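**Q** pasting the structure only:
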C-alpha cells in the first residue's frame, strides 16, 4: 500500500509539473504563451506517437520530459523565426537570402540547440553528451535538410508570421509520425 501510494503521488506530481512548466514559462513570457502551448503539445503528441509506434510505454515521466522539451525549445524557435523574418522579401534576392539564412544558419543552429536540450531532459546528465552529439548532429541535420527543409521554406516564405510556429509544429509532428521506426 505504501509503495502504491508513493507511486501514485510521484505520477501525480509529474503530471502536475507537465502542466505547470509550460504554464510558468508562458506566465513569465506572455508573448510566447500561444507558441509554448502549441510546441509543447506537438512535442507531447510526437513523443507519444513515437513511443506507441515502438511499442513502448508513455508514462507520466515521459509526459513531463516532453513538456519540458517543448517548453525549452519554444524561445529557440521563436527567435529563429523572428530573426529570419527581419529579412525583407520585396525582391527575388530577399527570398533567396531568407531561404539561405533559414537553411544554412537557422537549421544547423536549431539542431545544435535541440539535441543537447533533449539529451539533458531525457538523461538528466552531461555525461555522454559529447558522444551523443558527435553521433547524431550531422545525421539529424541531413535528415532535417532533406525531409523538412522544403516544407519549412514554404512555411517561412509564404505563410503569415503568426502562423509559422503552428505550421512548423504540424510539419515536425508529421515528420516524427512517419519517421519513427516501428517496434
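**A** Ah, there it is. Source: prediction; values computed, not measured. Numbering: from 1, shown residues only.
**Q** just the pLDDT for residue 4.
**A** The model reports residue 4 with a pLDDT of 83.
**Q** mind giving me the packing neighbours of the element among helices and strands of the chain having the smallest mean pLDDT?
**A** Comparing helices and strands within the chain by mean pLDDT, DSSP states H and E singles out helix 161-179 as the least confident, with a mean of 87. For helix 161-179, the helices and strands in contact under the criterion 3 or more CB pairs under 8 Å, 6 or more residues apart in numbering; DSSP states H and E are helix 33-53, helix 60-84, helix 129-147, helix 149-158. C-beta: built from backbone N, CA, C; applies to glycine.
**Q** got a list of what residue 144 touches?
**A** Under the criterion of CB atoms under 8 Å, 6 or more residues apart in numbering, the neighbours of residue 144 are 107, 111.
**Q** if we can go back for a sec, turn the helices and strands packed on helix 161-179 into TSV, columns for distance to residue 115 and mean pLDDT.
**A** Written out in TSV, the entries for the helices and strands packed on helix 161-179 read as follows (distance: least, CB to CB, whole Å; pLDDT from 0 to 100):
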stretch	distance to residue 115	mean pLDDT
helix 33-53	14	94
helix 60-84	11	96
helix 129-147	6	93
helix 149-158	17	96
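**Q** among the ones you listed, which comes closest to residue 3?
**A** Closest of the helices and strands packed on helix 161-179 to residue 3 is helix 60-84, at 15.9 Å (criterion: CB to CB).
**Q** buried sites along that closest one?
**A** 60-78, 80-81, 84 (16 or more other CB atoms under 10 Å).
**Q** run the chain-centre distance for stretch 148-158.
**A** Distance of stretch 148-158 from the chain centroid (CA atoms, centre = their mean, to the nearest Å) equals 16 Å.
**Q** from here on, call the first residue 56.
**A** With 56 as the first residue, the last one maps to stretch 203-213.
**Q** flag every buried residue along that stretch.
**A** By neighbour count, and taking 16+ other CB under 10 Å as the criterion, the buried residues in stretch 203-213 are 203, 204, 206, 207, 210, 211.
**Q** is it correct that the fifth one is in contact with residue 222?
**A** What it means is residue 210. Yes: at 4.5 Å, residue 210 counts as touching residue 222 under the criterion of CB atoms under 8 Å.
**Q** residue 83: neighbour count?
**A** When counting by other CB atoms under 10 Å, one arrives at 9 neighbours for residue 83.
**Q** would you mind measuring from it to residue 74?
**A** Separation of residue 83 from residue 74 (CB to CB, to the nearest Å) stands at 15 Å.
**Q** before we move on, what about residue 104?
**A** As for residue 104, its distance to residue 74 is 20 Å (criterion: CB to CB).
**Q** those two: which has the busier surroundings?
**A** Each of residue 104 and residue 74 has its neighbours counted (other CB under 10 Å); residue 104 has more, 16 against 13.
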